[in-house]
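> With the sequence up front, the predicted model follows.
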Amino acid sequence: MSDIWGYQPATGYTAGVSLTGYKVEAIDGSIGKVDKHSDEVDASYLVVDTGVWIFGKHVLLPAGTVSAIDDAEKKIYVARTKAEIKDAPEFDKDKHLGDAGYHEQVGVYYRGRHRA
């Protein structure tokens, strides 16, 4: 099931548009900024730098967690709470980029917290 790794049509995402630097908003508040993103088919994600919120941790958010993108405000809204994101498997760019096992772990984590 790859839907967690793809942008839903209703989000307003346009393929090829850079989301780097966009602010990321959870259901209950701001969580950081996009440090990197990928729009590969069936493997789209955002790497979010949470800054001081959780002491500089980076998290990987599958594109399927995105509920809306506001290009005018440069904000991305995700259908998850701050606590859900904080408790996600930590992302380490040196270890996890291109790591299929890590991507599966993240996918299982977020699929288990599916929101309509």
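Now that the structure is in, tell me what you want to look at.
> quick one, what contacts the nearest residue to residue 43 once chain neighbours are set aside?
Of all residues not flanking residue 43 in the chain, residue 5 sits nearest, at 5.3 Å (C-beta to C-beta, 6 or more residues apart in numbering). For the C-beta atoms, the positions are set from N, CA and C on the backbone; glycine is no exception. The contact partners of residue 5, taken as C-beta atoms under 8 Å, 6 or more residues apart in numbering, are 42-45, 62-64, 103, 107.
> And those, which is closest to residue 92?
Nearest to residue 92, judged by C-beta to C-beta, of these is residue 103 at 13.1 Å.
> Chain neighbours aside, what residue packs nearest to the closest one?
Spatial nearest neighbour of residue 103, chain neighbours left out: residue 43 (7.2 Å); criterion: C-beta to C-beta, 6+ apart.
> What number of residues are in the vicinity of that neighbour?
Counted with other C-beta atoms under 10 Å, residues neighbouring residue 43 total 15.
> So it versus residue 62, what's the distance?
9 Å (C-beta to C-beta, to the nearest Å).
> Can you tell me how far the residue nearest to residue 43 is from residue 65?
Distance of residue 5 to residue 65, given as C-beta to C-beta: 10 Å.
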